[in-house]
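# sequence isn't available, so here's the structure alone:
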DNA sequence: CCGTACTTGTTGAGAGTTCAACCAACTGCT
DNA sequence: AGCAGTTGGTTGAACTCTCAACAAGTACGG
């Protein structure tokens, strides 16, 4: 055969639109965040999760799961955030392998400074472009996409569904 | 105020679901592509666009626009692809500044080898998870998100909408 | 206990991306 | 023709991410 097997014309258009929309959207938000807060979106997510956790602290491993990041990536990222004084690390008392990351006051301040602008960006570039009906649809679509992929993740690393961390 | 201004609870859930779905999906597809074809998805897109163009060739600048990439990023990427012998560069005859990138036979072969697996991945992880109704919705949602963002792009660089390159 | 297997987290190297700086060539205007 | 401003493309440095390798700790079966 000369041509590889492509998608149906219809799927093709949907796929390219989806690709285009997500690329434009996340590029934009990432750039705005980098400009206004000096960090990429992945780092911002780390700060958000820490800020929402008790004691503003999480084990590295938990934090990695929640941010859907590899342990390696998280380790590098937290190292950077630590350099800025936005996060600190200390040993876990119950598990000597563990490390607990904590958001500092400076880190919290940085998050508080960055959040409104970022939230405005999300609103402006995502929600304002969609009808309430479409917002509902997008949530269901997203959950439908996520379900099997997330199931795969846990299936590979842990036969029983792991339990209490499917928090949201 | 103690808390930054977050999204509505409802928007919050949609936003996190959307974030999660796209992260899981693109991570997965990128990883599969890297494993099976040895290139990231961004490079794959370059090959696709070239393969669909007359003479399997495009000006660097056009290619950058179509792949929604910066000129810098494209320049680095094409340099890599050239090292592998998948793409060649030559001077543009009509504009001495210009460079024309062309997909080689080896590059086309690589694309042909990688495409079916990638297409299967897209189908498996995206379309199979959605109903036909949701696929239609996703297209409209994507187009709605893309419209203002794409308009911004061209607005910054070119007051009149640029014309003949809004090809698809 | 002991040894094997798994988990946690870090590290370093390699690859991709971003950003700013830069040169060369084209455009439009006078 | 000449000049200012724009466009096309590349480069190098800084940064992020990935991957494989590793050290240290925990869990568990014998």
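Received, thanks. As the structure is a computational prediction, the values presented were derived from the model and not from experiment. Numbering: from 1, shown residues only, chains lettered A, B, ... in the order given.
# please, where are all the strands along chain A?
Remark: strands assigned in chain A by DSSP state E are A:57-59, A:87-91, A:99-103.
# ok, residue A:137 to residue B:141 distance?
The spacing between residue A:137 and residue B:141, counted by C-beta to C-beta, to the nearest Å, is 7 Å. Just so you know, the C-beta spots here come from the backbone N, C-alpha and C atoms, and that holds for glycine as well.
# state the pLDDT value of residue A:6.
On pLDDT, residue A:6 comes in at 62.
# cool, the one 10 residues further on as well?
For residue A:16, the model assigns a pLDDT of 96.
# state the distance from it to residue B:121.
Taking C-beta to C-beta, one finds residue A:16 at 15 Å from residue B:121.
# does residue A:24 touch residue B:147 like I think?
No. Residue A:24 lies out of contact with residue B:147 (C-beta atoms under 8 Å); the separation is 9.7 Å.
# more neighbours: which of those two?
residue A:24 (21 against 13; other C-beta atoms under 10 Å in any protein chain shown).
# which one is that one nearest to, not counting chain neighbours?
Excluding its sequence neighbours, the residue lying closest to residue A:24 (C-beta to C-beta, 6 or more residues apart in numbering or on different chains) is residue B:149, at 4.0 Å.
# I'd guessed the one you found sits against residue A:125; true?
Yes. With contact defined as C-beta under 8 Å, residue B:149 reaches residue A:125; the gap is 6.2 Å.
# give me the common contacts of the two.
Shared contacts of residue B:149 and residue A:125, defined by C-beta atoms under 8 Å, 6 or more residues apart in numbering or on different chains, are found at A:25, A:28.
# how about the residues of chain A by DNA strand D?
Listed as neighbours of DNA strand D in chain A under the rule C-beta under 7 Å from any atom of the strand: A:39-40, A:42-43, A:69-70, A:72-73, A:76-77, A:80, A:95-97.
# for those, name the two members farthest from one another.
A:40 and A:96 (31.7 Å; C-beta to C-beta).
# neighbour count winner among the two?
Each of residue A:40 and residue A:96 has its neighbours counted (other C-beta under 10 Å); residue A:40 has more, 14 against 7.
# shouldn't that one be in contact with residue A:31?
No. Counting by C-beta under 8 Å, residue A:40 sits too far from residue A:31 to count as a contact (9.4 Å).
# so the closest residue to residue A:140 other than its chain neighbours versus residue A:92, what's the distance?
The shortest distance from residue A:140 to any non-neighbouring residue, by C-beta to C-beta, 6+ apart, is to residue B:134 (7.2 Å). Distance check for residue B:134 against residue A:92: by C-beta to C-beta, it reads 43 Å.
# equivalent analysis for residue A:59, please.
Relative to residue A:92, residue A:59 is positioned 6 Å away (C-beta to C-beta).
# identify the contacts common to the two.
Between them, residue A:59 and residue A:92 share these contacting residues under C-beta under 8 Å, 6+ apart: A:98, A:99, A:100.
# buried members of those residues into PyMOL, please.
Buried subset of the shared contacts of residue A:59 and residue A:92, written as a PyMOL selection, criterion 16 or more other C-beta atoms under 10 Å in any protein chain shown:
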select buried, chain A and resi 99+100
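# reformat the strands of chain A as JSON lines; add distance to residue B:85 and mean pLDDT.
Compiled in JSON lines, the strands of chain A are given as follows (distance: least, C-beta to C-beta, whole Å; pLDDT from 0 to 100):
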{"stretch": "strand A:57-59", "distance to residue B:85": "47", "mean pLDDT": "98"}
{"stretch": "strand A:87-91", "distance to residue B:85": "45", "mean pLDDT": "97"}
{"stretch": "strand A:99-103", "distance to residue B:85": "45", "mean pLDDT": "98"}
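# any idea how many residues pack against the residue nearest to residue A:140?
Residues within reach of residue B:134, counting by other C-beta under 10 Å, total 18.
# might you report the residue contacts of it?
By C-beta under 8 Å, 6+ apart, the neighbours of residue B:134 are A:137, A:140, A:141, A:144.
# just want the most central residue of chain A.
Centroid check for chain A by C-alpha atoms, centre = their mean gives residue A:67 as the closest residue, at 4.6 Å.
# tell me the contacts of that one?
Contacts for residue A:67 were tallied using C-beta under 8 Å, 6+ apart; they are A:42, A:45, A:46, A:49, A:74.
# can you tell me the closest non-neighbouring residue to the second one?
Residue nearest to residue A:45 in three dimensions, not counting chain neighbours: residue A:67, with 5.0 Å by C-beta to C-beta, 6+ apart.
# who's in contact with the one residue in chain A that gets nearest to DNA strand C?
When scored by C-beta to the nearest atom of the strand, chain A has residue A:61 as its residue closest to DNA strand C, at 2.5 Å. By C-beta under 8 Å, 6+ apart, residue A:61 lies in contact with A:71, A:98.
# and if you look at residue A:125?
With C-beta under 8 Å, 6+ apart, residue A:125 has these contacts: A:25, A:28, A:29, B:145, B:148, B:149.
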